[in-house]
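Enquirer: below is the sequence, then the predicted model.
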Amino acid sequence: MDSEMNLESFRPSLTEHRYLHKMKFKKSHHKSKPNSSSQNSITFYFTSESQSFQRFDFPTSVIDAVIKNASPEFLQKLYQCSKYFFNKARKPLCHALFIGNTYQVRYFGQSLAVDEKYLDFKGLNNLRIANAVIVRNHFRQDLLSTIIPKLDSCVARFIRIHAQNLSASDYGFLTSSGNVEKIVLSEVTIYEKDGTLISLENLLKPLPKAIHIEIPIKTAITSATASILSKMKRQSKFDLLQFFICAHLYPKGFIKFLTENAAENSCVKIHFDESLNHLYTDFFLPTVQHSLEQHSCKYGTIVPHFKVF
């Protein structure tokens, strides 16, 4: 239906499906021809020039600090409390931003969906993404990186991106809040400033709270990668880790990373690049599993389930 989002295009999980299924699109931002009643109606507009001066018991510097550091939930309450705060912050809150190729421009609830034909839509300017970013567009792989400079900030907990090319700074914009709990990247390429692929450790570093990490994309793996992973401090243990190995990753550091950060009954899915020597791929997983079994016997932990692709 034109009034509803094509949920199947994102293949959402059951939880995502329940959430998205409740979201109904409102009409497009394009205005239809007004009828006689709308032409005769009286409309009031809020502008900064017409606002009443707001007086607070706190100095302006304190108010500025509150607005700057407010969570999306608290900022929304401030906006509802007084238009002064919105005029002060000028950061429209977007619960979920959907970027695809069939949406045009549509609002649903406090969320927004756009496609590549409406990149000049002013509603994107200075948005603060509060909960989710979902991107799926096969026709323009630079679509998300083109939109990001228009946005103010992103503190999303859920990220799903398909078929996009990003810079490391784009990825940092999406994840640097450290709030991400679930991330799914497919057919995504992330480049550093020098044109090289982002490293596996830099891909995982801004995800300390993520419990579902589905990132089977090519990354740079160096002799230092495993050691850096072994020292990585995370706030939450993950239930799922799916990633890509395209160069030799030393088992020792990776084993320590798993013992410190894998939750009980977790699942680790490994994609080996076809260019890797079979001697390495046949050696890597048995070595990791054997070490984790020994750790399990010693400390009573549960060994993660492994799947190889």
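Expert: All right, it came through fine. Residues are numbered from 1 along each chain as shown.
Enquirer: which ones are touching the residue most central in space within the chain?
Expert: If you average the C-alpha coordinates of the chain and look for the closest C-alpha using C-alpha atoms, centre = their mean, you land on Ile159, 2.8 Å from that point. Applying C-beta atoms under 8 Å, 6 or more residues apart in numbering, one finds that Ile159 lies in contact with Ala132, Val133, Ile134, Leu174, Thr175, Val180, Lys182, Ile183, Val184, Leu185. C-betas here are computed from N, CA, C, even on glycine.
Enquirer: any idea what the residue lying closest to the last one once chain neighbours are set aside is bridged to?
Expert: Leaving aside its chain neighbours, Leu185 sits nearest to Ile215 (4.8 Å; criterion: C-beta to C-beta, 6 or more residues apart in numbering). Bridge pairing for Ile215 (DSSP bridges) gives the partners Phe243.
Enquirer: Ile215 contacts Ile183, doesn't it?
Expert: Yes: when contacts are counted by C-beta atoms under 8 Å, Ile215 is listed as touching Ile183 (6.6 Å).
Enquirer: how about the CA coordinates for the lengthiest strand in the chain, as PDB?
Expert: Determined from DSSP state E, the single longest strand within the chain is strand 262-272. What follows is strand 262-272 as a C-alpha-only set of coordinates in PDB (Å, rounded to 0.1, in the frame of the first residue of the first chain):
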ATOM      1  CA  ALA A 262      31.300 -13.300  24.400                       C
ATOM      2  CA  ALA A 263      28.100 -13.900  26.300                       C
ATOM      3  CA  GLU A 264      26.900 -17.300  27.300                       C
ATOM      4  CA  ASN A 265      25.300 -19.200  24.500                       C
ATOM      5  CA  SER A 266      26.600 -16.600  22.100                       C
ATOM      6  CA  CYS A 267      27.200 -17.300  18.400                       C
ATOM      7  CA  VAL A 268      30.300 -16.400  16.400                       C
ATOM      8  CA  LYS A 269      30.000 -16.500  12.600                       C
ATOM      9  CA  ILE A 270      33.200 -16.200  10.600                       C
ATOM     10  CA  HIS A 271      33.500 -15.500   6.900                       C
ATOM     11  CA  PHE A 272      36.900 -16.500   5.500                       C
END
